[in-house]
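Build the 3D model from these lines:
(chains A, B and C)
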Amino acid sequence: MRARSSIILLFFFMYLFMSCAFAGKKKHYKPCKHLVLYFHDIIYNGMNAENATAAIVGAPQGANLTKLADQFHFGNVVVFDDPITLDNNLHSKPVGRAQGQYIYDTKNTFTAWLGFTFVLNSTDYQGTLNFMGADPIMQKMRDISVVSGTGDFFMHRGVATIMTDAFEGEVYFRLRADINLYECW
Amino acid sequence: MRARSSIILLFFFMYLFMSCAFAGKKKHYKPCKHLVLYFHDIIYNGMNAENATAAIVGAPQGANLTKLADQFHFGNVVVFDDPITLDNNLHSKPVGRAQGQYIYDTKNTFTAWLGFTFVLNSTDYQGTLNFMGADPIMQKMRDISVVSGTGDFFMHRGVATIMTDAFEGEVYFRLRADINLYECW
Amino acid sequence: MRARSSIILLFFFMYLFMSCAFAGKKKHYKPCKHLVLYFHDIIYNGMNAENATAAIVGAPQGANLTKLADQFHFGNVVVFDDPITLDNNLHSKPVGRAQGQYIYDTKNTFTAWLGFTFVLNSTDYQGTLNFMGADPIMQKMRDISVVSGTGDFFMHRGVATIMTDAFEGEVYFRLRADINLYECW
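As a prediction, this is how the structure comes out:
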C-alpha cells in the first residue's frame, strides 16, 4: 500500500516533469503562431516614381541608381516600403507594410542580405515582426530568421520560409512569406 | 499519517513546479531590467563637420549627401555615432555611444528603419544592446525590439519605447529610449 | 521505512527539478555549441575585381567608392560575400560564406557596425547564423551577438567573440569568430 502510493506519486511528478520537458521540445516542431503573407516590391527605375515602393540607394563604383548593377547586382542596396497582402494580388487591401533594406551581395549568382520589419495593422494583427537573414534567391524556398517582435508579437521569435511568387523583369517581384513563430509570449 | 506525508510532498513539488511555471509567465508582464537613456543625433550638412555625429551615405538617384532627400527623405541611409546620456542634455557626460544606421523608408510620411547598437561604458553598465525595428517617426511613442546583448546584457532581449524628445530643423534630434528587458540571463 | 521512502522520493524529484533549473542556469556559463571559423574580406579598390569579395557602396559626401574614406572611413558602407574557412588560410576549402554589410561609424577611431549572416554548407553544418553588433575594431577581442539561426542552428542564439587575425593594408583582413551558442533548440 505504501509502495503503491509512492509509485503513484512518482508517476504524477514524472508526468508534471515530462509535460514541462515536452513543452520545451514541442517548440522545435510545432509553431505557436503561423501566418502566410505576401509582399510586393516595385523598384524605382527612373520612370515609375508614382508606383515605385523601393529605390536603389547604394551601388558600387561606376553603377547608377536607376538600374540594378551588373554582376548579379552585387553591391546594390535597396530601401523599400512594400505593401503586405493576405493573397498574391498586388491590389488587395494591404494589411501592413514591409519596411527595410535588401542588399545584393554576391558577384556570381543572385543572393541578397535582408534586414526588414513587417508593420502589421489589420483586424487580425497589430504589431511588428523583425526579419534578418541571407536570401539565396535562386532557391525555391529559403529560411530567414524572425528575430523579434512587438505588439501582438511581443518578444516572439521564429523562422520565415520565403518564396519568390512572381518576378517581372527587373521592376516587380512578389515574395510569399510563410512565418512560423516558435517562441510566443 | 502516510497519506499526510504524501500530501505534504505533493504540495512541495507542486510549489516547485508552479514557481517554475510562474517564472516563465512573469516575463510577459514585468521587465527584469529597465533603463532610460537619451541619444543625440547631429546630421552632417556640409558645414558642421566638427559637431556632426551622423552622415548621409546613401540616397536615391538625384539626391545629394549633405541634404536630406525630398519625399520625406525616402531612401536616405544615415550612419551615426551618437552620444548617449542619462538626461536630455546634449552636453551631459556620455555613458556610451549609439552606433549604426537609420534609413528613411517611406515616400508619403516620415518613417525609418533602425539597426543600431548601444555601446554602454559607464559605472552602471558595461556592455552592448542591439536594436532593430521600424520607427513610425510621427507617432509619439513607438516600440522597437532589443534583439540581443553582450557584457552586462549578455543574451538579454526586450522592447524599447522610443520618443522624439527634441527636433531642431533638419540637423539635430534627440531620442528618449525607455528600455524594458524581459529576458535577462 | 515510510520516512525513508519519502526522503528518497524527495531527493529523486529534487534531482529532476535541479537538473532542469541547472539546465537553465548552465546556459549562462557553458555554451551548448561552439564553433571557431575564419572569414576573409578583400575590398574592391578599382583594380582587384577578380579577387574582391567586398565593395564600398555608400560613402559620405566627397568620398569615392574605390577608396575607404578619410576620418577613419566614417560613413563607408561595405557589402561583402566572404569565404568562411576552418583555419586561417584564405585558400582553404570554404565551408560557407559570410554575407552582409559592415559600416564604419566613428570619426575619431576605427569602429564598425555589423549586420551579416554565416551561410554554412559543409559536412559538419548546414544552416545559417545571423550576427549583429558594434565592432570596436582596435580592441583585440570584441563580442557581437548571434541573434538567431536556421537549419542546424534553428532558433539558436549566442555570442561571438571576434578577433582581427590579419590585416594587410586597406585591402585584406581576416577575422576569427569564436562562436558560443547558449540557446540551442
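
Report the contact partners of residue A:146.
The neighbours of residue A:146, taking C-beta atoms under 8 Å, 6 or more residues apart in numbering or on different chains as the test, are A:129, A:130, A:131, A:156, A:157, A:158, A:159, A:160, A:179, A:181, C:148. (C-beta placed from N, C-alpha, C; glycine too.)

Same check on residue A:163?
Neighbour list for residue A:163: A:140, A:141, A:175, A:176, A:178 [criterion: C-beta under 8 Å, 6+ apart].

My read is that the second one contacts residue A:159, right?
No. If you go by C-beta atoms under 8 Å, residue A:141 and residue A:159 don't touch, sitting 11.3 Å apart.

Count the neighbours of residue A:67 for me.
Neighbouring residues of residue A:67 were enumerated by other C-beta atoms under 10 Å in any protein chain shown; the total is 16.

I figured it was touching residue A:44, is that so?
No. Counting by C-beta under 8 Å, residue A:67 does not reach residue A:44; the two are 10.3 Å apart.

Overlap in contacts, the two.
In contact with both residue A:67 and residue A:44: residue A:56, using C-beta under 8 Å, 6+ apart.

and chain C, which of the contacts of residue A:163 reach it?
Residues shared between the contacts of residue A:163 and the neighbourhood of chain C: none [C-beta under 8 Å from any C-beta of the partner chain].

Pull out the buried members of these.
Of the members of those, the ones counted as buried by neighbours, 16 or more other C-beta atoms under 10 Å in any protein chain shown, are A:175, A:176, A:178.

how about the first one, what does it touch?
Contacts here follow C-beta under 8 Å, 6+ apart; on that basis residue A:175 touches A:38, A:39, A:41, A:162, A:163, A:164, A:165.

Can you give me the first-to-last residue distance of stretch A:89-108?
With C-alpha to C-alpha, to the nearest Å as the measure, the first residue of stretch A:89-108 is 32 Å from its last.

per-residue confidence averaged over it?
pLDDT averaged over stretch A:89-108 equals 96, rounded to a whole number.

in it, what's buried?
So stretch A:89-108, judged by 16+ other C-beta under 10 Å, has buried residues A:90, A:94-107.

Could you tell me which of the residues you listed are located in strands?
Within the buried residues of stretch A:89-108, membership in strands is found for A:96, A:97, A:98, A:99, A:100, A:101, A:102, A:103, A:104, as judged by DSSP state E.

what's the nearest residue to the second one if we skip its chain neighbours?
Closest residue to residue A:97 apart from its sequence neighbours, by C-beta to C-beta, 6 or more residues apart in numbering or on different chains: residue A:119 at 5.0 Å.

you'd agree the one you found is up against residue A:96?
Yes. Here residue A:119 reaches residue A:96: they are 5.1 Å apart, a contact under C-beta under 8 Å.

Tell me how far the closest residue to residue A:86 other than its chain neighbours lies from residue C:58.
Nearest residue to residue A:86, sequence neighbours excluded (C-beta to C-beta, 6+ apart): residue A:95, at 6.0 Å. When C-beta to C-beta, to the nearest Å is applied, the distance between residue A:95 and residue C:58 equals 32 Å.

go on, residue A:31?
If you measure residue A:31 against residue C:58 using C-beta to C-beta, the figure is 37 Å.

so how far is stretch A:139-151 off the chain centroid?
Per C-alpha atoms, centre = their mean, to the nearest Å, the displacement of stretch A:139-151 from the mean C-alpha position of its chain is 4 Å.

quick revisit: just curious, which of the ones in strands among the buried residues of stretch A:89-108 is nearest to residue B:124?
Each of these was scored against residue B:124 by C-beta to C-beta, and residue A:100 proved nearest at 32.1 Å.

and that closest one, what does it touch?
Residues touching residue A:100, when contacts are defined by C-beta under 8 Å, 6+ apart, comprise A:79, A:80, A:114, A:115, A:116, A:117, A:131, B:103, B:105, B:113, B:134.

rerun at 6 Å
The neighbours of residue A:100, taking C-beta atoms under 6 Å, 6 or more residues apart in numbering or on different chains as the test, are A:115, A:116, A:117, B:113.

ok, for residue A:127, nearest residue in space, not its chain neighbours?
Excluding its sequence neighbours, the residue lying closest to residue A:127 (C-beta to C-beta, 6+ apart) is residue A:151, at 2.4 Å.

Of the contacts of residue A:146, which ones also sit close to chain B?
Contacts with chain B within the contacts of residue A:146, counted by C-beta under 6 Å from any C-beta of the partner chain: residue A:130.

how about the contacts of residue A:146 in TSV, adding neighbour count?
Output for the contacts of residue A:146, formatted as TSV (neighbours: other C-beta atoms under 10 Å in any protein chain shown):
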residue	neighbour count
A:129	33
A:130	30
A:131	26
A:156	25
A:157	26
A:158	27
A:159	22
A:160	25
A:179	22
A:181	21
C:148	32
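
any weak-confidence spans in chain A?
Judged against pLDDT under 70, the low-scoring parts of chain A cover residues A:1-29.

ok so, going back, what's the most distant pair in the buried residues of stretch A:89-108?
Taking C-beta to C-beta, no two of those sit farther apart than A:95 and A:107, at 36.5 Å.

Please, where are all the helices along chain A?
Per DSSP state H, chain A carries helices over the ranges A:2-29, A:70-73.

in stretch A:33-40, what counts as buried?
Within stretch A:33-40, the residues that qualify as buried by neighbour count (16+ other C-beta under 10 Å) are A:33, A:35, A:37, A:38, A:39, A:40.

CA atoms only for it - export them in PDB, please.
Provided in PDB are the C-alpha atoms of stretch A:33-40 (Å, rounded to 0.1, in the frame of the first residue of the first chain):
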ATOM      1  CA  LYS A  33       1.600  31.000 -34.400                       C
ATOM      2  CA  HIS A  34       1.600  30.800 -38.200                       C
ATOM      3  CA  LEU A  35       1.000  33.500 -40.800                       C
ATOM      4  CA  VAL A  36       1.200  33.500 -44.600                       C
ATOM      5  CA  LEU A  37       1.700  36.900 -46.100                       C
ATOM      6  CA  TYR A  38       2.800  38.300 -49.400                       C
ATOM      7  CA  PHE A  39       4.700  41.500 -50.100                       C
ATOM      8  CA  HIS A  40       5.200  43.400 -53.300                       C
END
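
Cross the buried ones among the contacts of residue A:163 against strands and list the overlap.
Restricting the buried ones among the contacts of residue A:163 to those inside strands, with DSSP E as the criterion, leaves A:175, A:176, A:178.

and of those residues, the nearest to residue A:86?
Proximity of these to residue A:86 was ranked by C-beta to C-beta; the top entry is residue A:176 with 11.1 Å.

show me the contacts for residue A:52.
Under the criterion of C-beta under 6 Å, 6+ apart, the neighbours of residue A:52 are A:42, A:44.

Swap in 7 Å and give it another go.
By C-beta atoms under 7 Å, 6 or more residues apart in numbering or on different chains, the contact set of residue A:52 is A:42, A:43, A:44.

Near chain B, list only the ones from these.
For chain B, the contacts drawn from the contacts of residue A:52 by C-beta under 7 Å from any C-beta of the partner chain are residue A:44.

Spit out the contact partners of the residue nearest to residue A:118 when sequence neighbours are not counted.
Sequence neighbours aside, residue A:129 is the residue nearest to residue A:118 in space, at 4.5 Å (criterion: C-beta to C-beta, 6+ apart). Residues near residue A:129 by C-beta under 7 Å, 6+ apart: A:117, A:118, A:146, A:149, A:153, A:179.
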